[in-house]
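*Asks:* Mind looking at a prediction? Sequence and model below.
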Amino acid sequence: GRSQIPMPGNSNREMQKMDKYEFNIKVEQIKKLVNKGDYETAMKITDTVDWRRVRNVSILSMVATIYEKNEDYQEAKDILLLAFERAPIGKRLLYKLADLAIKEGNVGEAEDYYREFCDLAPDDPRQYLLRYMILGAKGAPPQQLIHTLEQYCNVELDEKWLYELATLYNEVGMSDLCVRTCDKIMLMFGLGKYVDKAMELKIQHAPLTKYQMDLEENRDKYEARLRAVEQGYEAPSASYDYDMPPAGRPVPVPVQRAAAEPPQEDPYEEEPVYGERQPYRPYRGNREEPAYQEESAYGEEPAYAED
């Protein structure tokens, strides 16, 4: 750790306690700024902390997010490498290290992290995403990108990457597969940014079904209902004028999710990199990764090293 200069009347232990107190205040300030999406101000505080003394992987991951949002990819990687040294399971961080290396334009380094990820987690389907991003950075042809992304989408139900796959099908003229993939997104997710995009993409090739048109026409009403549920009360049903479909056909019910898009993305929201890998279950796109985890990744060690 950095050297302490004892002040008159203060023992070194008292100085360390004060240092830790200041550290905790700074972390709270950073956390509030991250939750507001103010990464620029957050970075001004992170620049004043010696992160080599911090043991908590969740805090280090949050700090890496801040540098990534400010496009300081080298600093983000340096912080994540500190976390990697402290992480009980390395694959949590290897995925993000590879992602940052790709964003930085360092494909060779990304390939090193990708190989480590595959060695450590040979059954984790995110290896296909890393391979897809590396191939994309190398300018691989669309057919090769499609083959790799299909391997991921065959085992994970993820609206973002399904939509990406649909756009690739569209790019190479595979309109039937494009339409089928858009249909899958609309059926499985009901509403949201990627459902809207899938609708727009599908109508370039084929008309929407009656079910899909109902989704589009009733979107505002569904979102109003979801907001009511979120706020912990059920508004009187009379306040919603649902367009009922003809008898014999079920009412399309979208997957429940937050109606409004958040003003800022949660850090690394696309991938559950730092938490334990979630077991596969449908509608995984609905789960939110917290911007900041309260508990230490170890549960045993303090977040801040006093030595």
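*Replies:* Sure thing, it's come through.
*Asks:* drop to CA atoms for contacts and neighbour counts, all remaining ones
*Replies:* Will do.
*Asks:* So, low pLDDT: which residues of the stretch 201-307 of the chain?
*Replies:* 222-223, 226, 232-307 (pLDDT under 70).
*Asks:* Mind doing that once more with 80?
*Replies:* Along the stretch 201-307 of the chain, segments meeting pLDDT under 80 span 215-307.
*Asks:* just for the stretch 51-200 of the chain, where's the confidence low?
*Replies:* Looking at the stretch 51-200 of the chain by pLDDT under 80, you get 55, 84-90, 92, 191.
*Asks:* check contacts around Y194.
*Replies:* Contacts for Y194 (Cα atoms under 8 Å, 6 or more residues apart in numbering) come out as 159-160, 163, 185.
*Asks:* Let's see that with 7 Å instead.
*Replies:* Applying Cα atoms under 7 Å, 6 or more residues apart in numbering to Y194 gives the contacts 159-160, 163.
*Asks:* For those, give me TSV that also has secondary structure, neighbour count and distance to P125.
*Replies:* Shown next, in TSV, are the contacts of Y194 (DSSP: H, G, I helix; E, B strand; the rest coil; neighbours: other Cα atoms under 10 Å; distance: Cα to Cα, whole Å):
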residue	secondary structure	neighbour count	distance to P125
E159	helix	26	15
K160	helix	14	15
Y163	helix	21	17
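*Asks:* Can you tell me which of the residues you listed comes closest to L80?
*Replies:* For these, the closest approach to L80 (Cα to Cα) belongs to K160, at 24.8 Å.
*Asks:* residue contacts, the closest one?
*Replies:* Per Cα under 7 Å, 6+ apart, neighbours of K160: Y194.
*Asks:* and it, how far is that from K193?
*Replies:* 9 Å (Cα to Cα, to the nearest Å).
*Asks:* now do G136
*Replies:* G136 is 23 Å from K193, where distance means Cα to Cα.
*Asks:* neighbour-wise, which of these two wins?
*Replies:* Neighbours were counted for G136 and for K193 using other Cα atoms under 10 Å; G136 has more, 15 against 12.
*Asks:* Which residue, other than its chain neighbours, is closest to the more buried one?
*Replies:* Leaving aside its sequence neighbours, G136 sits nearest to L145 (Cα to Cα, 6 or more residues apart in numbering; 7.0 Å).
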